[in-house]
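>>> Provided below are the primary sequence and the corresponding predicted coordinates.
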Amino acid sequence: MPDDELIDAAVEWLAEMRVCPQCATRIRFGDYECPHCGADLEDALREWAGSLVAELQSKEG
Ligand SMILES: [Zn+2]
């Protein structure tokens, strides 16, 4: 798979909406805590990033 396709996949993943696990407030990429309830989002961020890596690895085949 060409790099452009991997980049497209990553961009789509970045644009995917995420929500706070505590209060379901929408979270923007790069937020480490919820702007609404202050929940620490690092674990959720790492989990989400791990899914991205798995997605890219599966596309890379
Ligand atoms: Zn929250």
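Thanks, I have the structure now. Residues are numbered from 1 along each chain as shown.
>>> quick one: residue 12 and the ion, what's the gap?
Taking C-beta to the ion, to the nearest Å as the measure, residue 12 falls 24 Å from the ion. Where C-beta positions appear, they are placed from N, C-alpha and C, glycine not excepted.
>>> What parts of this structure come near the ion?
The chain comes close to the ion at residues 20, 22, 23, 25, 34, 36, 37, 39, as judged by C-beta under 5 Å from the ion.
>>> want to try a markdown table for the residues you listed, with pLDDT as columns?
A markdown table is the format used below for the residues of the chain next to the ion (pLDDT from 0 to 100):
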| residue | pLDDT |
| --- | --- |
| 20 | 89 |
| 22 | 91 |
| 23 | 95 |
| 25 | 92 |
| 34 | 93 |
| 36 | 95 |
| 37 | 96 |
| 39 | 94 |
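>>> mind giving me JSON lines with those residues and columns for neighbour count?
Converted to JSON lines, the residues of the chain next to the ion look like this (neighbours: other C-beta atoms under 10 Å):
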{"residue": "20", "neighbour count": "19"}
{"residue": "22", "neighbour count": "14"}
{"residue": "23", "neighbour count": "11"}
{"residue": "25", "neighbour count": "14"}
{"residue": "34", "neighbour count": "20"}
{"residue": "36", "neighbour count": "13"}
{"residue": "37", "neighbour count": "12"}
{"residue": "39", "neighbour count": "16"}
